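Enquirer: need coordinates for the below:
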Amino acid sequence: MVKILGIFTCYNRKNKTQKCIRSLIDKNKNINFSFVACDDRSTDGSYEFLISCSSIKVIRGSGNLFYTGGMIKAIEEAQKIAAAFDYVLLFNDDVEFDNNAIDHLVQQIETYRDSN
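Expert: Residues are numbered from 1 along each chain as shown. Modelled structure (predicted):
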C-alpha cells in the first residue's frame, strides 16, 4: 500500500477540515495517509479534532502564522519523517477530494516513472 504524508495548515474551519481529511481517507482506499498539520490557535474546536486523530501530528501555531507561516511550520516538522513515505501531498484543508483522486494521481505518477 502506498504511504502518503499530507501536510496542511488550518484556522477555524473545523467542519471543512473534517470533510477534507475524511474525503482523502475514505475516497482513496489504496493509500495509507498520515498527516502533519499546523493549527494556528483555532477557537472553533479544530485543534481538538486534530489531536483526537491518531494519524495527524499537530503543531500549534502562535495565532499569527496565517497560511504561509503555518505551512512553513508544518513542512519543517514533516521533513523529520518524510523519508518514511512514498509521497508527500501539500493541500488546503477546504478541499473535498473526489473519489479515487489521489489513487489516480499516484497511478499516473508511477506509470510515468516506469516508462522513463
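Enquirer: work out the gap between the worst-scoring helix or strand of the chain on mean pLDDT and the centre of the chain.
Expert: When each helix and strand of the chain is scored by mean pLDDT, DSSP states H and E, helix 101-115 comes last, with a mean of 93. Chain-centre distance of helix 101-115: 19 Å, with Cα atoms, centre = their mean, to the nearest Å.
Enquirer: what does stretch 68-75 give?
Expert: From the chain centre to the centre of stretch 68-75 is a distance of 12 Å (Cα atoms, centre = their mean).
Enquirer: what residues does that stretch touch?
Expert: Here stretch 68-75 makes contact (Cβ atoms under 8 Å, 6 or more residues apart in numbering) with 7-11, 36-40, 59, 61, 65, 90. From N, CA and C alone the C-beta is placed, and that goes for glycine too.
Enquirer: avg pLDDT for it?
Expert: Across stretch 68-75, the average pLDDT comes to 98.
Enquirer: what's the neighbour count on residue 98?
Expert: A count of neighbours around residue 98, defined by other Cβ atoms under 10 Å, yields 11.
Enquirer: ok, the residue lying closest to residue 95 once chain neighbours are set aside - contacts?
Expert: Nearest residue to residue 95, sequence neighbours excluded (Cβ to Cβ, 6 or more residues apart in numbering): residue 20, at 5.6 Å. Residue 20 makes contact with 8, 91-97 under the criterion Cβ under 8 Å, 6+ apart.
Enquirer: what subset of these is buried?
Expert: Listed as buried from these are 8, 93, 97; burial here means 16 or more other Cβ atoms under 10 Å.
Enquirer: so residue 40 touches residue 59, yeah?
Expert: No. Judged on Cβ atoms under 8 Å, residue 40 makes no contact with residue 59 at a distance of 9.4 Å.
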